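Undergrad: here are the coordinates; sequence isn't available:
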C-alpha cells in the first residue's frame, strides 16, 4: 500500500482509543509509525538494484518491528511531555504492525521475516495503489473534522469498511481463480502455475497469470458480468536472446530475484536498442506495465543506462 494511504488510515484509526488516552502525542506516534517502514523507499537513491532488493525489507519485518518501535518510543518519550512509555511503545508497535499487514495484502511482496529470510509474502488481494482505501481514509478524516465527538464511532466505521472491502477482494480473488482455471481447461491449456492479481488502476477488476510450458497467459475478464476472458499470450524469456554481459549487471540480477512472472520486450529507438524487463504481476491486457526495468544499449551493444520506470 502507498505511504499516503497508510497515513490517511492511521489518522482516523488514532481515534480508536489512542487519541482519547494520549491526545495528539499518541496520534502523532501512530501516524509516524504507520508511515515509517516506507523509509526504505530511500534505497531508490542508491539505484534500481538496491530498491528492488531492499524495499519492504527489514523495516517491514515482524522480527524488526519491536526494535524499531522501541527506538521510536524512546525518541518520542524524551521529546514530549507525555510520560506513559508503555502506551507510546504499544501505539508505535500497532502502527508498524498495521503497515506490514496492509502491505502483505498487496502483490508486491513483503519480506516479513527479514533479515532471517528474504522470502517475500503476498496475498495478492489489493494493488499497491488502491483508490477505494484511499477514498475511505479521506472520507473518515473529513467526517471526524465535522463531527469530532463521534471520532471513535467514525473510526470504527472505517475499520468495518476496510474489513468489508478486503473480504470482497478475497471473494473476487477466489472467484477469478476458479474462472481462469475453467477457461484454461476449456482451451486444453496445461496449467503449471496460476496466480490472480488486482488490475492496474481499477482494483475491482482482476486478472490472472498462467504459466504453461515456456509461455504465459495474461487473462482479464471481458466484463464484470461475463465469465469469459480477454487473453494475451506472452512468451517466456529466452535467456539466449539477452546479451550475456547484461546478465552481469546487479540491476538485472535484482530484477530476476524480484520478478515472479518475468517477461521482456526489445525494440529499436533513436539509434539505440531498448530492452524492457517487466513482471506480469504489474501488467494488464493492453500491455501497460507499472514496473519496468529499462536497459538502453548503444549501437555497439554497450549499456548506456539502466533505470526503473
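TA: It's in. Quick caveat, the model's predicted, so the values are computed rather than measured.
Undergrad: report the buried residues of the longest helix that the chain contains.
TA: Across the chain, the longest stretch assigned as helix under DSSP state H is helix 151-186. For helix 151-186, burial by neighbour count (16 or more other CB atoms under 10 Å) applies to 151, 154-155, 157-158, 161-162, 165-166, 169, 172-173, 176-177, 179-180, 183-184. The way it works is simple: take the backbone N, C-alpha and C, and place the C-beta from them, glycine included.
Undergrad: repeat that for stretch 30-50.
TA: 30-38, 40, 43, 47-50.
Undergrad: measure that stretch end to end?
TA: Its first and final residues considered, stretch 30-50 spans 28 Å by CA to CA, to the nearest Å.
Undergrad: repeat that for stretch 111-125.
TA: One end of stretch 111-125 sits 17 Å from the other (CA to CA).
Undergrad: strands of the stretch 101-250 of the chain, residue ranges please.
TA: 193-198, 206-212, 215-221, 229-235 (DSSP state E, counting those that start in this stretch).
Undergrad: so what's the gap between the first one and the chain middle?
TA: Okay, so that is strand 193-198. Centroid separation for strand 193-198 versus its chain: 15 Å, with CA atoms, centre = their mean, to the nearest Å.
Undergrad: pLDDT of it, averaged?
TA: The pLDDT scores in strand 193-198 average 92.
Undergrad: by contact count, what packs against that strand?
TA: Packed against strand 193-198 by the contact rule (3 or more CB pairs under 8 Å, 6 or more residues apart in numbering; DSSP states H and E) you find helix 151-186, strand 206-212.
Undergrad: any chance of the ones you listed in JSON lines, with mean pLDDT and distance to residue 198 too?
TA: Shown next, in JSON lines, are the helices and strands packed on strand 193-198 (pLDDT from 0 to 100; distance: least, CB to CB, whole Å):
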{"stretch": "helix 151-186", "mean pLDDT": "94", "distance to residue 198": "7"}
{"stretch": "strand 206-212", "mean pLDDT": "91", "distance to residue 198": "6"}
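Undergrad: please identify which of the ones you listed is closest to residue 102.
TA: When those are compared by CB to CB, helix 151-186 sits nearest residue 102, at 8.9 Å.
Undergrad: and that closest one, what does it pack onto?
TA: Applying 3+ CB pairs under 8 Å, 6+ apart, we find helix 151-186 packed against helix 3-13, helix 131-146, strand 193-198, strand 206-212, strand 215-221, strand 229-235.
Undergrad: CSV for these, including distance to residue 273 and mean neighbour count?
TA: Putting the helices and strands packed on helix 151-186 into CSV (distance: least, CB to CB, whole Å; neighbours: other CB atoms under 10 Å) gives the following:
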stretch, distance to residue 273, mean neighbour count
helix 3-13, 36, 21
helix 131-146, 37, 17
strand 193-198, 30, 20
strand 206-212, 27, 22
strand 215-221, 23, 20
strand 229-235, 18, 16
